[in-house]
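*Asks:* Sequence plus the predicted model coming up.
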Amino acid sequence: MFSSKNPSDLPKGLSNVINTKIFFKSDPGTAKTYGLRISEEEMESLRKGYSVCNIHDLSLLRVAKFPMSFAGVFEVEKS
């Protein structure tokens with residue numbers, strides 16, 4: 001598994017052998033270069049924990065939700 005905020009950080013040629021790609025809210029142009037079809041509006045509308053993806057053998061899946069911890073997600077009301 002490789003992870004980066006900037007896919008250009010990954011070694012050259014590696015993306016050609018990776019069969020699953022997941023992009024959280026990022027530049028839609030970058031996602032498109034890796035074969036994901038997403039508009040700028042769709043990318044901007046992703047909520048916390050959601051991603052656009054290209055997952056091996058799941059060609060119909062385009063958006064996926066990842067579990068997130070509650071830490072930092074909800075603001076506590078001060079009384």
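*Replies:* Looks like it came in fine.
*Asks:* the longest strand in the protein is where?
*Replies:* Scanning the chain for the longest strand, with DSSP state E as the assignment, gives strand 50-54.
*Asks:* Report the buried residues of that one.
*Replies:* 51-54 (16 or more other CB atoms under 10 Å). Any C-beta I mention is one placed from the backbone N, CA and C, and that applies to glycine too.
*Asks:* Note down every partner strand of it and its orientation.
*Replies:* Strand 50-54 has the following strand partners under DSSP bridges: strand 21-23 (antiparallel), strand 63-65 (antiparallel).
*Asks:* how distant is that strand from the center of its chain?
*Replies:* With CA atoms, centre = their mean, to the nearest Å as the basis, strand 50-54 stands 4 Å off its chain's centre.
*Asks:* In CSV, could you pull the C-alpha coordinates for it?
*Replies:* Taking Å, rounded to 0.1, in the frame of the first residue of the first chain, the C-alpha atoms of strand 50-54 are listed here in CSV:
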residue,chain,number,x,y,z
TYR,A,50,-15.8,9.9,1.1
SER,A,51,-13.5,9.2,-1.9
VAL,A,52,-13.6,8.6,-5.6
CYS,A,53,-12.0,5.3,-6.5
ASN,A,54,-11.1,2.8,-9.2
